[in-house]
Structure formats: C-alpha cells, structure tokens
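Sequence and predicted structure are below.
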Amino acid sequence: MRTTIEPQAAETGASPAGQEAGVGAKRTLISAGGVLLALLAVAGWQLPVLTAIYGQRQVGQAGWALNGLVVALFVVGLVRLLQQLLAAVREEQVLTKAMQLAPTNADLLPTSLPADSIIGARLAAMQSMHARNQPIRQDLLASALVARYGSNMTLPRFVNNSLILCGVFGTIVSLSMALIGASDLLNTVNSSGMGLVIHGMSTALSTTMTAIVCYLYFTWLLHSVADVETRLLAAVEQFTAHHLMPLFHVDADSINHQLAELLLSMAKLVEKMESAAATQPELIAAIAELREQQRQMQVQQREDMAEVARLLQQGFRLG
C-alpha cells in the first residue's frame, strides 16, 4: 500500500454520515424491541377482549389455523430482519474502528479489520486490484455491494407483501364458512347453521385484525432496516472515497502534489547545505587553531618532562 498520501486522508476525519450510521442499527433495534413490548403490554391490558375474539368458541380450528399462518409468516420475517439488524450493528462497529485508525494508522487497517466485514472485504478487494495493476472503480464496487445487500431483503419483502394477502385469504375463507352456515340456516332452521355463521364471522374478524397488526409492525420495521442499511452503505462509500481511494489512486493531480512536496523538501535541503558551506571556512579555521593549541601543549609537555628529568638527575647526583 502507498502511504505517501496519508496526511491528506487524515485531514478529512470521520465523516458525519459515518458517525450517524454508527448508532443507526442500535437505535432501530432498541426501538423495535420497545414497540414490540408496547404491543404486548396493550395485548395484556386488553386480554379479556382478545380472549373473547380469539376464544375457542368464537374462532374454532379453522380460525386458529388461519391466524397461525399469519403469525408464522410474521415470525419468519421478523427473525430475518433481526438478523440483518444484528449484522448491521457489527458492521457499524467495524466501520467506527476503521474511522479511528484511518487518519493516523492506515497501515494497520488490513490486519485490524475482520475479513468478513464490509469494509474489510472492500479493502481486500482494492488491495488485490492494485496488486494486479487494475484500475480501481469505486462505482463498480458500490454497485456490487448494493446488489448483494438488496438480495438480503428478498424474504422480508415477500413476507411484507404476503401478510395482508394472508389476512384477506383468511377473511375470504371465513366468509365462505359463514355463507355455508347461512345457507344451512335457510334450508333447515337449526342451531348448527347459526353457529357456523358466528364462527365464520368471528374468524374473519380475528384473521383481519391479526394480519393488520402484524403488517403494520412488520412494514415499519422493514423500512427502518432498509434505512439503516442505506446509511451504512453510504458511510462505507464515503469512507472508501475519503480514506481508502487516496491510498491506491494515482492520477496527475496526486503526482503533481507529491512532486511539489518533494521539490519543497529538496529546496530546504539545499538551503541547509548552503548554510553549512557558508560556515565551513570558520570551522576550518577553528580546527586549525585547535590543532595549533594542541601542538603547543605537546611542546610544553615535552619541555616540562625534560625539566623534570634534569632535576631528577641532579638530585640523584646529590644523593
């Protein structure tokens, strides 16, 4: 990786979009749990009414089967959306870590980011393309990422479109049962026909209520998850443009910028060399003076040693 443009990447800092995406998934996850708990609290508060609507005597086996179909479809879609939210929370944490490393420690990104994360896979792809001397097209990488994330919404969209249809299907089946009961009641006046009419109408009401409540909650959660993923992908692309592309992208502007920095450094080096050359005669004179002082000190030391030797000789003769 080229690291000559790291200061330029550091100046950009963490983008506002990336900071906003850093809390989007957690906030949506908490909101989804809060709304679900609120719905359960309302259900507990209105338990007598719900028991009267969904009671065995009112709904019957057909009603339980139709309502169970709606609830099962709702639970499958809800589990899928929760999985995507948890994955988005992890991706946002990795992206936040990358934003903290990029300005000052860009070289640590390849080893610090998980390979299975979005930004880790993006960095690995860019490194592979750069190693093969291929042009790095961010638009193509972004299109592939959007297509991959779009396929993750197939099941939730199917559930969202099918919930209300299942409610309508349950209503139609229940009304058909009611009509059969009404026909029996008209042909032979008995209680079984009236009971079938009541069961059919009650099943139609309960199925419609179940489908509407599940559809409203699931539609809100589906759009919230879609918004979270949109902000996450936007933050990834902004991080790629601000921090990753300068590490690999080479064009005339970047070359001119590096050349200008190199020339400026060379000019400073030449100035230092000229200043050193200007002080060279003084340095030579100081060295010559120091050598002369050392020579004089050596001559003086030899004279002193000779004097000491002469005194020692005279002393020994006196002894």
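Looks like it came in fine.

how about residue 41, what does it touch?
If you count contacts by C-beta atoms under 8 Å, 6 or more residues apart in numbering, residue 41 has none. For glycine as for every other residue, the C-beta is placed from the backbone atoms N, C-alpha and C.

okay, now residue 71: neighbour count?
For residue 71, the count of nearby residues is 15 (other C-beta atoms under 10 Å).

For it, give me the pLDDT.
Residue 71 is assigned a pLDDT of 87 by the prediction.

That one sits in which helix or strand?
Per DSSP states H and E, residue 71 falls inside helix 60-101.

Would you mind measuring from residue 156 to residue 47?
30 Å (C-beta to C-beta, to the nearest Å).

Kindly report the same for residue 305.
Taking C-beta to C-beta, one finds residue 305 at 117 Å from residue 47.

now swap in residue 280 and tell me
For residue 280, the distance to residue 47 - C-beta to C-beta - is 98 Å.

who's more crowded, residue 156 and residue 47?
Comparing residue 156 with residue 47 by other C-beta under 10 Å, the one with more neighbours is residue 156, at 20 against 10.

wait, what's in contact with that one?
Residues near residue 156 by C-beta under 8 Å, 6+ apart: 77, 80-81, 84, 218, 222, 225.

Show the buried residues in these.
Buried subset of those (neighbour count, 16 or more other C-beta atoms under 10 Å): 77, 80-81, 84, 218, 222, 225.

So for this structure, the centremost residue is which one?
Among the residues of the chain, the one closest to the centroid is residue 92, at 2.9 Å (C-alpha atoms, centre = their mean).

Verify the contact between it and residue 28 for me.
No - with contacts defined as C-beta atoms under 8 Å, residue 92 does not count as touching residue 28, sitting 10.9 Å away.

any chance of the contacts of residue 156 in JSON lines, plus pLDDT and distance to residue 231?
Shown next, in JSON lines, are the contacts of residue 156 (pLDDT from 0 to 100; distance: C-beta to C-beta, whole Å):
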{"residue": "77", "pLDDT": "92", "distance to residue 231": "21"}
{"residue": "80", "pLDDT": "92", "distance to residue 231": "19"}
{"residue": "81", "pLDDT": "92", "distance to residue 231": "16"}
{"residue": "84", "pLDDT": "91", "distance to residue 231": "13"}
{"residue": "218", "pLDDT": "92", "distance to residue 231": "21"}
{"residue": "222", "pLDDT": "92", "distance to residue 231": "15"}
{"residue": "225", "pLDDT": "91", "distance to residue 231": "11"}
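
Looking at those residues, which is nearest residue 248?
Of all the contacts of residue 156, residue 248 sits closest to residue 84, with 30.1 Å by C-beta to C-beta.

measure that closest one to residue 135 for me?
Distance, residue 84 to residue 135, using C-beta to C-beta: 32 Å.

Farthest-apart pair in the buried ones among the contacts of residue 156, please.
84 and 218 (13.2 Å).

which residues are in contact with the helix or strand in which residue 139 is found?
Per DSSP H and E: residue 139 is located in helix 138-151. Contact with helix 138-151 is made by 118, 122, 125-126, 229, 233, 236-237, 240-241, 245, as judged by C-beta under 8 Å, 6+ apart.

Pull out the buried residues from those.
By 16+ other C-beta under 10 Å, the contacts of helix 138-151 give 118, 122, 126, 229, 233, 236-237, 240 as buried.

would you turn those into a markdown table with pLDDT?
Below are the buried ones among the contacts of helix 138-151 laid out as a markdown table (pLDDT from 0 to 100):
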| residue | pLDDT |
| --- | --- |
| 118 | 87 |
| 122 | 86 |
| 126 | 84 |
| 229 | 88 |
| 233 | 89 |
| 236 | 89 |
| 237 | 88 |
| 240 | 85 |
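
Now secondary structure too, for these, in CSV please.
Below are the buried ones among the contacts of helix 138-151 laid out as CSV (DSSP: H, G, I helix; E, B strand; the rest coil):
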residue, secondary structure
118, helix
122, helix
126, helix
229, helix
233, helix
236, helix
237, helix
240, helix
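
Quick check: the two most widely separated of those residues?
Maximum distance among those (C-beta to C-beta): 21.5 Å, for 126 and 229.
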